[in-house]
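> one predicted model, sequence on top.
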Amino acid sequence: MRYKFILILLCVAVLSGCWDSNEPERLVYANGLGVDYKDGKIVVHLQIINMQGLAKSESGGDPSSLNAADVGSATGNTLDEALFNLYHTSDRRIYWGHLSFVILSEEAIKTGNFKYTLDLLDRYRETRYRIYFYMTKGPVKDAMLISPIENISMAFSKLSDPKGNYNQSSFIPPINLREILIELNEPAHYVSIPQLKITEQWTGQKEKKKALLMENIAIISENKIKAILPKKVMNGARLVNEQFVRDNVNLFSGTERSTSVIVYGRKTKITPIVEKNGKVRFHIKMKIKASVDMLKRNITRKEYEKELIRSIKEEINYTYQYTQKRGLDLFRLSKTLYREDIKKWKKIETGGRIPLDEDSIKSIKIEVLLQDTGKQTLTPIFEEQDDKSSKN
């Protein structure tokens, strides 16, 4: 019995316990990283948020600390050096496991720091792949200091958690580290990064509030900015995007009948066709559901559906022509051919991209189902219509 007791004591003595663990309240949590380039130096900005305030939001505590954030800045010859210079000013160890977003300035991308930032975050053991990326022409630090409206936690801001906003209006799709790494390694080897802009479209009781707006995207390939696409171009890209959830489409623009519908439930299929002369063209087939939230009595159901089909086709054609002239494959037609007919893709690709002409989109076929008019069903509002959908 005595020997058994001694054996137990020896086993307890070699147990490691938790002597080297880091207590959560003794860490500093990085939420956002900004990368800029000025005067030949890398400038980093690190946003630190109060995780204790996030816990209070669920328990009904003081909301004043919810959207509180501090931003520290440092410079260096490399991104590593700048970060370590920032470490020297921190009170506690900085934990990177909750890093949510990265903002790069236009100058930082132009000087080749996009790829280096990706590589650093991909290799570091604490960072995860759910880190969203943005680009801005304005001051990076200013964008990081903007607080969400109504004391929402910084952990749920548009930068940290963009999916909520995108699911309501699917215009500019967010992109995270995992998606960037995949897209850079698949045809046509480029990524679309949302561009941030500071606006004052919200007003509080005492003063105007600054907010972040995303209307444009930056096309980045080969570690350089290939183009910045404006809002009008993105209208035609949103419905082709795989992540699309819902958005509005304007109808009868510029006329007295001007209105809009909500488009959702969209299914898109792009099919490559190899013609006899060896040229590759594409069929785009789309099925969408729509809801009329602003009903006008002088517009029939058939007219709504016909105008919706016309508007979507016009947007898609405009976007394709605009990007094709600039050597861009925004609809990822190269990737489509790569997936469907890799032998043909290998014959005609250059750098992962296939040649695209003005008429590479052979046809656009859209099927529309006008589901309802908001809270009311279509019948008896559209009594004169017996058919349920339009095709064109």
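Received the coordinates, thanks.
> for the closest residue to Lys296 other than its chain neighbours, list each beta-bridge partner.
Spatial nearest neighbour of Lys296, excluding adjacent residues (C-beta to C-beta, 6 or more residues apart in numbering): Thr259 at 5.5 Å. The C-beta positions use only the backbone N, C-alpha and C, and glycine is treated the same way. Under DSSP bridges, the beta-bridge partners of Thr259 are Leu251.
> check contacts around Thr259.
Residues near Thr259 by C-beta atoms under 8 Å, 6 or more residues apart in numbering: 250-252, 292, 294, 296, 299.
> check Leu213 too.
By C-beta under 8 Å, 6+ apart, Leu213 lies in contact with 196-199, 201.
> can you flag the buried ones in the contacts of Thr259?
With neighbours counted using 16 or more other C-beta atoms under 10 Å, the contacts of Thr259 contain these buried positions: 251-252, 292, 299.
> hey, where'd the helices end up in the stretch 51-200 of the chain?
Here the stretch 51-200 of the chain has its helices, by DSSP state H, counting those that start in this stretch, at 51-59, 79-87, 106-110, 113-123, 140-144, 163-168, 177-184.
> hey, which of those is tucked in deepest?
For the helices of the stretch 51-200 of the chain, the largest average neighbour count (mean count of other C-beta atoms under 10 Å) is found in helix 140-144, namely a mean of 22.
> for that helix, name the packing helices and strands.
Where contact means 3 or more C-beta pairs under 8 Å, 6 or more residues apart in numbering; DSSP states H and E, helix 140-144 is packed against strand 27-38, strand 41-49, strand 69-76, strand 101-105, strand 191-203.
> for those, give me a markdown table that also has mean neighbour count, distance to Thr268 and mean pLDDT.
As requested, those are exported to a markdown table (neighbours: other C-beta atoms under 10 Å; distance: least, C-beta to C-beta, whole Å; pLDDT from 0 to 100):
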| stretch | mean neighbour count | distance to Thr268 | mean pLDDT |
| --- | --- | --- | --- |
| strand 27-38 | 21 | 33 | 95 |
| strand 41-49 | 22 | 36 | 96 |
| strand 69-76 | 17 | 39 | 94 |
| strand 101-105 | 24 | 28 | 98 |
| strand 191-203 | 17 | 17 | 94 |
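> nearest to Val140 among those would be which one?
Val140 lies closest, by C-beta to C-beta, to one member of the helices and strands packed on helix 140-144: strand 27-38, at 3.9 Å.
> mind listing the strands the closest one pairs with, and their directions?
In its sheet, and by DSSP bridges, strand 27-38 pairs with strand 41-49 (antiparallel), strand 93-95 (parallel), strand 101-105 (parallel).
> and Lys269, how many residues sit next to it?
Applying other C-beta atoms under 10 Å, we find 11 other residues in the vicinity of Lys269.
> so how far is the helix or strand that it is a member of from its chain's centroid?
Secondary structure assigned from DSSP states H and E places Lys269 in strand 259-274. Remark: strand 259-274 is offset 19 Å from the chain centroid, using C-alpha atoms, centre = their mean, to the nearest Å.
> which non-adjacent residue is nearest Arg130?
In space, Arg130 is closest to Asn176, 5.4 Å off (C-beta to C-beta, 6+ apart).
> quick check: that neighbour touching Tyr129?
Yes. The criterion here is C-beta atoms under 8 Å, and Asn176 meets it with Tyr129 at 6.4 Å.
> more neighbours: those two, which one.
More crowded of Asn176 and Tyr129, by other C-beta under 10 Å: Asn176, with 18 against 13.
> torsion angles phi and psi at the nearest residue to Glu275 once chain neighbours are set aside?
Excluding its sequence neighbours, the residue lying closest to Glu275 (C-beta to C-beta, 6+ apart) is Arg281, at 6.3 Å. Dihedral angles of Arg281 (phi, psi; degrees, to the nearest 10) stand at phi -130, psi 170.
> how many neighbours does Arg281 have?
So Arg281, with other C-beta under 10 Å, has 17 neighbours.
> could you dump the helices and strands packed on helix 140-144 into a markdown table and include distance to Ile316?
Listed next are the helices and strands packed on helix 140-144 as a markdown table, based on distance: least, C-beta to C-beta, whole Å:
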| stretch | distance to Ile316 |
| --- | --- |
| strand 27-38 | 34 |
| strand 41-49 | 38 |
| strand 69-76 | 40 |
| strand 101-105 | 30 |
| strand 191-203 | 16 |
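> done for today, thanks.
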